[in-house]
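> Have a look at this fold, sequence not included:
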């Protein structure tokens, strides 16, 4: 690892410059053409030992670093425009691992319709940290997590649970779905499911003024990896779907009425997984039994997360 | 350190929301009113063990994390609008240290005319990393590092050297100066001096097509801390001014003609510290002797930086 400057030069050559970008990587800051719409911005890191393991393929790590942020934009109903990349590399970092990391960052950027306009490498004693900032815009309204109403139905864009088996590195952000949902007036709130369905559902309900919800166990879509990991134990697979993290699907709340049949949603996503209640509390209806899910999520401290390898 | 969510809630309460900001901290992303001008964006981390020591007052660290980025915007002639803050905290991080960090972030934001609209806390095994993304805009042109011309005079906004004695935590970004310089047509290029005058000068000259420069030793302003550290050794003080990092003053190149006497520049900053040459190479003129500064800067790898405590 010879020189931070040589690395930053490498970033510039790698990501290049493109139309709309007056000044790209390599100056004190990037200059981009501003849009006449509302801008949507977010910034999330991926950290070795937390979001990926030491020997992970760094092209997948780069992809994840971008897609985590694009998934946040998707949940706002935004399009992605520009990305900034900040890499803090350990002193011992093998230079040959930089290229796959950049390839992954670029691949995910392009797929998401975004361009990397800024980048910086620093070196420190510590784990590899890749922080991506995403800047996008909303054509119309921004879809927040705070508009859910009692009586709404709840939906997700894809299956849940078992993400750490590989999905957490390979997921595609639901940008088309988010954009489309934001245009439907009957959609009231949406959130990126990153910390587990129950935790993010609770966040949405709390942001919407302290509502509750009831989930229908049979309707919650379970990822194949969670099923196979549960080896036929139905309740274990369900628990994974409700609490595992890094699904990066969208959870949304809509008026109890079907959405137009056009658009990017799967038939599965159109079917509710539950409904919003006026009183706080989460309930699960499973084979006719209704049980309260008590205080789930809020106890998830870091200690509890220590035994989840890919979190 | 109880819960990342509680911390992020803490960020939201701390930074609040403000006009122009449709959605602030606490949703998947922030939504801000877009401007009709060119946008200028940058993202730089501060890392414990590299940019500050383990026992540093975290209010100063927060201030530095913001001001490093504002100094980059200043060098483009931009105004700061919005900031995003990403904190990666070690597991052992003492919760009571979060508040001073946030206070420092907010204080520097306000002084710089910017507002924190997004924030996130993650926990990992490693040093404290505070990454700030700054989003600003240019009223007119963006001032890049690539426009210097042979025959230009070189200038800096303030004294250089000895930053690690305290300046690196306390500097104020030269936003007013950068904005004003960008409006002067005779100013051709500018750069934030963060890696040492010679290194950043060389970067500017290289970005301007491979030019050279001659510095006048007697005209280079030396920070009092560098003088006092050199204990009367004039050459040692000068070396500090030329090579120490984290000055965060602006270096600029202008047509050889005085700038208008109005504006925020000090009389000192109006006097040239050297001039741009058509041929590559850096020269120092000191008491009538002209010596070549050979390959300075480009050898500064990380190994060389290890013995600089505050870098």
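Okay, I see it. These figures come from a predicted structure and were not determined experimentally.

> rest of the way, CA atoms for contacts and neighbours
OK.

> Do a quick rundown of the helices in chain A.
Taking DSSP state H, the helices of chain A run over residues A:4-15, A:58-75, A:98-111, A:167-170, A:175-183, A:197-207, A:224-230, A:234-243, A:267-270, A:302-305.

> Report the angle between the first one and helix A:98-111.
With axes from the mean of the first three to the mean of the last three Cα atoms, to 10 degrees as the criterion, the two stretches helix A:4-15 and helix A:98-111 enclose an angle of 40 degrees.

> tell me the angle of helix A:4-15 relative to helix B:197-207?
20 degrees.

> chain center to helix A:4-15, what's the gap?
27 Å (Cα atoms, centre = their mean, to the nearest Å).

> again, but for the fourth one
Between the mean C-alpha point of helix A:167-170 and the mean C-alpha point of its chain there is a distance of 10 Å (Cα atoms, centre = their mean).

> Low-confidence ranges, chain A, go.
Residues of chain A meeting the criterion pLDDT under 70: A:1-4, A:17-20, A:34-37, A:294-311.

> pull the longest strand from it.
Across chain A, the longest stretch assigned as strand under DSSP state E is strand A:79-90.

> and residue A:143, how many neighbours does it have?
By other Cα atoms under 10 Å in any protein chain shown, 29 other residues sit near residue A:143.

> wait, what's in contact with it?
For residue A:143, the contacting residues are A:75, A:76, A:77, A:182, A:188, A:189, A:190, by Cα atoms under 8 Å, 6 or more residues apart in numbering or on different chains.

> again, only this time at 10 Å
Residues near residue A:143 by Cα atoms under 10 Å, 6 or more residues apart in numbering or on different chains: A:73-78, A:178-179, A:181-183, A:187-191, A:252, B:23, B:27-28, B:31.

> now residue A:160
Residues in contact with residue A:160, defined by Cα under 10 Å, 6+ apart, are A:167, A:193, A:196-197, A:220-226, A:237-249.

> rerun that using 8 Å as the cut-off
A:197, A:220, A:221, A:222, A:223, A:226, A:240, A:241, A:242, A:244, A:247, A:249.

> Relative to residue A:285, how far out is the first one?
According to Cα to Cα, to the nearest Å, residue A:197 stands 15 Å off from residue A:285.

> swap in the fourth one?
Separation of residue A:222 from residue A:285 (Cα to Cα): 16 Å.

> Ok, the third one next?
Residue A:221 is 14 Å from residue A:285, where distance means Cα to Cα.

> Looking at the two, which is more packed in?
Using other Cα under 10 Å, the more surrounded residue of residue A:221 and residue A:285 is residue A:221, with 20 against 16.

> Might you report the residue contacts of the more buried one?
By Cα under 8 Å, 6+ apart, the neighbours of residue A:221 are A:158, A:159, A:160, A:241.

> Might one say that the last one is in contact with residue A:164?
No - contact between residue A:241 and residue A:164 fails when scored by Cα atoms under 8 Å: they sit 11.9 Å apart.

> just how off-centre is the longest strand of chain A within its chain?
15 Å.

> So which residues make contact with that strand?
A:70, A:73, A:109, A:112-138, A:175, A:179, B:42-45.

> Narrow those residues to those in strands?
Per DSSP E, the contacts of strand A:79-90 map to strands at A:115-124, A:129-138, B:42-45.

> Check whether stretch A:166-185 comes near chain B.
No - Stretch A:166-185 does not reach chain B (Cα under 8 Å from any Cα of the partner chain); its nearest approach is 12.0 Å.

> hang on, the earlier thing: any idea which of the helices of chain A is most buried?
Mean neighbour count (mean count of other Cα atoms under 10 Å in any protein chain shown) peaks for helix A:58-75 among these, with a mean of 29.

> That helix packs against which elements?
strand A:38-47, strand A:79-90, helix A:98-111, strand A:129-138, helix A:167-170, helix A:175-183, strand A:187-193, strand A:249-254 (3 or more Cα pairs under 8 Å, 6 or more residues apart in numbering or on different chains; DSSP states H and E).
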